[in-house]
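# Quick check, what structure comes out for this input:
(chains A and B)
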Amino acid sequence: MSHQNLEEALKAAKNPVEMLRNSQIGPYAFPVVPSEFTNWRDEQRSWRETCALFDQSHHMTDLYVEGPDALKVFSALGINTFNNFRVDTAKQFVACNHDGYVIGDAILFHLAPNSFVLVGRPPALNWVQYNVETGGYNARAERDERSFVNTGTRRVYRYQVQGPNAKKVMEKVTGKPVPDIKFFHMDTFDIAGCKVRALRHGMVGQPGWEIFGPRADGDRVRDAIVEAGREFGIRKVGARTYPTSTLESGWIPSPLPAVYTGERTKPYREWLKGTSYEATASLGGSFVAKNIESYYLTPYDLGYGGFVRFDHDFVGRAALEKIAKKPKRQKVTLVWNGDDVDKVFSRLFHAGKFSKYIDLPLANYATLSFDKVVKGGKPIGFSMYTGYSFNERSMLSLAVVDVKHAKPGTKVAVVWGEDGGGTKKPTVERHNQATIRATVQPAPYGETARTAYRPK
Amino acid sequence: MAAHNLSAVLKAHGNAVKLLRNSKIGMYVYPVVAAEFSNWRNEQVAWRKSAVLFDQTHHMDELIVEGPDAAAFLEHVAINSFANFDLNRAKHFVPVTPAGHVIGDMIIFREREDKFVLVGRAPTANWVKFQQATAKWNVRLTHDPRSDSRPDGRAIYRTHYRFQIQGPEANKIFDKINGGPVPDVKFFHVDWIKIGSRRVQALRHGMAGAPGLEVWGPYADKHYIQSTILEAAREVGVDLHLVGTRAYSTNTLESGWIPSPLPAIYTGGGMLQEYRDWLGADSYEAIGSIGGSLATDDIEEYYVNPFELGYGFYIGWKTDFIGKDALTKLKDANNRKKVTLEWNRDDLLKVVASSFEEGVPYKWIDFPQPNYASTNADVLLSGNKPAGISMFNGYSFNERCMLSLAVVNDDVQIGDQLTLVWGEPQTTGKTSTEPHRQAEIRVRVSPTPYAREARESYAASWRTKGG
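Numbering: from 1, shown residues only, chains lettered A, B, ... in the order given. This next block holds a predicted model:
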């Protein structure tokens, strides 16, 4: 069943699309953290109204890259600029294949001279690790696996404090005014006698901090934050709620890694294990194409056009130089029509025909979601991350659509559910497809995120 | 000084209802086990159509009672008759207060003449421990509380693993793991079977109304047992589904057992006062929550008696047990009765739809398990008059229906339409409730157990006959 590497798995499968669409792995895991601490409605409200504490210690992989050539590796792979990438700053690292399609993105922290950590879903990390190990660099890479596949304990804890009261909470727990550091810059704080690294962040569009430190300090630091945050209405956010925050902040966590085709990435596919994310990920949704390349996206499609800098040589540069001239697609938020969502729910109470269940608050049922977005019956893009926002009282999805249909207010429809009654994924019950009307809105959608706080 | 027992906690809060309705404990958690293995719809279908594996290792307390007086002691504590309690049998153990109200229930296994194992929610285990601590029985207890609700990555250890294999095709798996036909044991009897290289005890059960086995053994064997069962199912071609915690608790809607009566120990003097002094400030009784539209100052309105829960026929009238006098009087009273309620879909959809509209929504109904407290109590009305309490909710994909288990006035008939008041009248301190308004949901009174298989083909179950 299990193959030595991705290339072998692909050879054994008829088609990469078929392989991924029938993966048995389930949706992307948000492990260890309880599903709800209180209830997901109030947990969602907390990042908009008071303060939220996210525990991100478990669902992302960390790749530590160290050595004199460490920065060279990132620069050779990343679309981003690395001029002035100083210690104590971070950036959203985006890597593409040779044709300019996104392999993955992750947050890159410059921890110390020649010392970096890349944090996120595995695809970007795998690509970097492969290049460190095979590219003849004077650097080494060490993985700290996400808890889903980690047989020991994690090296660090990682929390985020977010929301309008985040600043007050941080001031209380550190006992001093928070320094006025810039977005994606880091500082060192003292919390409950523990030294913590803090990154100025704003995942849901409000000023906030991501803090991390040795795993052994994790409970102590968290408990201190919760205690300090009590008077400011802090809520711990559970695993059911956490992934929905991005619906308001507009980041698409799940592009399909563009590594399944092309001779130039063949050695990489041979390096990727048969148990890797790329070999086991599940692909779900109404968009079905024979060619896996139909799922590939450019940085421009995903809203990362602003990150692209042709100030250095990197994999995919030549292709991106062409694409840059006329980006085809744009990232948007789709606001789903409530009546049409109600109709899907009504199928819960009728014998026979069933619509694919919409789980609230996170409706994704695969590692990689691709639902067809149509206008006048014609495909215009993909809806890629779906859930419910209690703050907006709406189902929202993050989508990539043709530029000409990306104007706010455009009426489109999402085809919800899979064709032919559904694939063999364990997360899929037999169902019929439903068409749900939706309105195009900007990404990020959250009012504050949209107007006051736009990360660069 | 922090309260050190339930009495002090109650004194500090003034009123038991106020304490429990404002509990900060959150939802009643089924810990450690994954929320979903495949998806909760297919997991529910599997117990009706193929087979399921329930992992019951973590959510229940286990209490071992052993010693020369074990049988006499337990018979004194519970309403059950032990007359036919042979070795290798199990029963549904129900203790009541001296006033005849239910404290809780556990499954009790007789492993030896002088050794019993009880499995279930904490209130019964606590009560048994108290009875042993305050009288001179020659028995010894070992208590293994359930797993931490939110272990947050810390390792979890239990004394035993506990699995159930259930469903119409479960038999094929039993024969495979046992390397031959499993002994033809009667319902709620225990025998030894083989699972791979291990000999394990197996209880004939049928939680979902279809034949099944419950097996248990040392916690260290858990992984081996689970993988052996899954592999056997694959080999015999049975579509066995592991059931996650989201689907698990809804199983009882189809089989008709109410898991969450409020332990009726918050009032009464004498033994009950002593019990409240004995119970810790961190006990289930002190930190549990009450949720629902029933909001009264009188905690006794949340109590139920064994007749109301359908346990009247368990009572061993020939022995002396705590609460016997009270039950003797209650026996011929107009007791309420247990029923299943089918919720009206249009009213439900109105509640769901409010989540997609501006303004304060109705209380969110989580699928498949809408409960939001350790003990649920929703008001039932017939016209404008109180008609009973709805006590445990759950959606059944098999029935395409939201169901709840309720106790209703004895004049309520199957087929009657009642109104269930969904949501709380005013905001409480519970962390499991968002700001919401109340909705009225029409419900139709139906039999318990609701599932036709459970009702008809498995009529000789402990739920309907012989405890």
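# which residues in the stretch 151-300 of chain B form strands?
B:160-166, B:190-195, B:198-205, B:212-218, B:240-243, B:290-291 (DSSP state E, counting those that start in this stretch).
# Mind putting the ones you listed into JSON lines with mean neighbour count?
The C-beta positions use only the backbone N, C-alpha and C, and glycine is treated the same way. As requested, the strands of the stretch 151-300 of chain B are arranged in JSON lines below (neighbours: other CB atoms under 10 Å in any protein chain shown):
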{"stretch": "strand B:160-166", "mean neighbour count": "24"}
{"stretch": "strand B:190-195", "mean neighbour count": "19"}
{"stretch": "strand B:198-205", "mean neighbour count": "19"}
{"stretch": "strand B:212-218", "mean neighbour count": "22"}
{"stretch": "strand B:240-243", "mean neighbour count": "25"}
{"stretch": "strand B:290-291", "mean neighbour count": "26"}
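# Can you lay out those strands as a markdown table showing mean pLDDT and distance to residue A:132?
What follows is the strands of the stretch 151-300 of chain B, written out as a markdown table (pLDDT from 0 to 100; distance: least, CB to CB, whole Å):
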| stretch | mean pLDDT | distance to residue A:132 |
| --- | --- | --- |
| strand B:160-166 | 96 | 43 |
| strand B:190-195 | 93 | 46 |
| strand B:198-205 | 92 | 46 |
| strand B:212-218 | 95 | 45 |
| strand B:240-243 | 97 | 38 |
| strand B:290-291 | 98 | 53 |
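# How about the residues of the stretch 351-456 of chain A by chain B?
A:351, A:354, A:357, A:359-360, A:365, A:388, A:390, A:393-395, A:426-429 (CB under 8 Å from any CB of the partner chain).
# buried subset of those?
A:354, A:357, A:359-360, A:365, A:388, A:390, A:394-395, A:426-429 (16 or more other CB atoms under 10 Å in any protein chain shown).
# Tell me who's in contact with the single nearest residue of the stretch 351-467 of chain B relative to chain A.
Nearest residue of the stretch 351-467 of chain B to chain A: residue B:356, at 3.1 Å (CB to the nearest CB). Residue B:356 sits next to A:338, A:339, A:341, A:342, A:393, A:394, A:395 when contact means CB atoms under 8 Å, 6 or more residues apart in numbering or on different chains.
# ditto for residue B:240
B:46, B:50, B:51, B:52, B:53, B:165, B:167, B:173, B:229, B:230, B:233, B:234.
# ok, which stretches of the stretch 301-450 of chain B are strands?
Using DSSP E, counting those that start in this stretch, strands in the stretch 301-450 of chain B cover B:337-343, B:375-376, B:378-382, B:385-396, B:401-408, B:417-422, B:439-446.
# hang on, the earlier thing: tell me the most packed of the contacts of residue B:240, by neighbour count.
residue B:52 (30 neighbours; other CB atoms under 10 Å in any protein chain shown).
# May I see the contacts of residue B:240 arranged in TSV, with distance to chain A as well?
TSV is the format used below for the contacts of residue B:240 (distance: CB to the nearest CB, whole Å):
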residue	distance to chain A
B:46	11
B:50	14
B:51	15
B:52	14
B:53	14
B:165	19
B:167	17
B:173	19
B:229	17
B:230	13
B:233	14
B:234	11
